[in-house]
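Student: got a structure for you, letters missing:
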């Protein structure tokens, strides 16, 4: 079981995220800078007493995951788009994770509604002893009944302290093996939905704006050693944005130093994930605690 002190941290992080779930749809408007949305979400988490568990993801249309604005990003919310905003807060390493899809087109709104419906249906059956594959099967059936397709290689996940993704994946399709849910687990359920004609899977792009600490040794410069020590201390095992480092006034050779950390595998990147056939994607997500008689939705 989770100690009471840790559980209160999870619940506080969940309350912060629940507040943002109401705020985010007001932020996503046509022609608004993606960078402004990212920074508003992250600053609100800090103002409410948490810290970002990872950089705010803002994924437009066929981009399914892992896009956050780099420094100076001039990209804006396109007309008639569907925008996934994925955000998380942590309190002393105890994480709550959530995502909402905002549709700016009547044609794409059914994708967002379907993702939310699949999430609601999954929450209804989540309890100790339920097979993870059963959750995936229900998500898939709900999505397909609405005439859409799940993204089969994106999944929900278990959460632990300072670990956004850990343990078994919680699939969005029913043909994947898995164990059973257990009391005390923290689970993020996150259906991803695309069109019936799509491939229903994502591919990696060759660019990353989100990174994580991998190892301390490997840098051959003093600035590089200082930077990797800062990253390890500040973010531990949690993802961080390259733009967050731009505020370090002592970092003189920022681009070259960071590139060497990547080359030496001191840090590794999360590639941007795009639906393979270029079709739009919707996403919905909540974080729950598995309890004796079901689940407690921490981010509702």
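Tutor: That came in fine, so what should we check first? No experiment lies behind these values; they were computed from the predicted model shown.

Student: Look at residue 167 and report its pLDDT.
Tutor: With respect to pLDDT, residue 167 has a value of 89.

Student: Could you pull up the residues touching it?
Tutor: Residue 167 makes contact with 157, 158, 160, 185 under the criterion Cβ atoms under 8 Å, 6 or more residues apart in numbering. (Each C-beta comes from the backbone N, C-alpha and C, glycine too.)

Student: Check residue 248 too.
Tutor: Contacts of residue 248 (Cβ under 8 Å, 6+ apart): 227, 230, 254.

Student: ends of stretch 273-286, how far apart?
Tutor: Start to finish, the residues bounding stretch 273-286 are 20 Å apart (Cα to Cα, to the nearest Å).

Student: Return the set of buried residues in that stretch.
Tutor: 273, 274, 275, 276, 279, 280, 281, 282, 283, 284, 285, 286 (16 or more other Cβ atoms under 10 Å).

Student: distance between the helix or strand the second one falls within and the chain's centre?
Tutor: Following DSSP states H and E, one finds residue 274 within strand 267-275. On the basis of Cα atoms, centre = their mean, to the nearest Å, the separation between the geometric centre of strand 267-275 and that of its chain is 12 Å.

Student: And the helix or strand just after it, how far out from the chain middle?
Tutor: Scanning forward in sequence from strand 267-275 by DSSP H and E, the next helix or strand is strand 281-283. Averaging C-alpha positions (Cα atoms, centre = their mean) puts strand 281-283 12 Å from its chain's average.

Student: can you list contacts of strand 281-283?
Tutor: 59, 61-65, 82, 84, 86, 99, 101, 103, 108, 111-112, 114-115, 151, 190-194, 275.

Student: Narrow these to those in strands?
Tutor: When DSSP state E is applied, the contacts of strand 281-283 are split such that 59, 63-65, 82, 84, 86, 99, 101, 103, 192-194, 275 fall in strands.

Student: Which one (most neighbours) among those residues?
Tutor: residue 192 (33 neighbours; other Cβ atoms under 10 Å).

Student: got the contact list for that residue?
Tutor: Contacts of residue 192 (Cβ under 8 Å, 6+ apart): 64, 115, 150, 151, 154, 172, 281, 282, 283.

Student: helix or strand for residue 20, which one?
Tutor: Using DSSP H and E, residue 20 falls in helix 4-27.

Student: packing partners for that helix?
Tutor: helix 34-47, strand 82-91, strand 94-103, strand 286-291 (3 or more Cβ pairs under 8 Å, 6 or more residues apart in numbering; DSSP states H and E).

Student: roughly how far out does the shortest one sit from the chain middle?
Tutor: Taking Cα atoms, centre = their mean, one finds strand 286-291 lying 16 Å from the centre of the chain it belongs to.

Student: Let me know the next secondary structure element after that strand.
Tutor: Assigned by DSSP H and E, the successor of strand 286-291 is strand 294-297.
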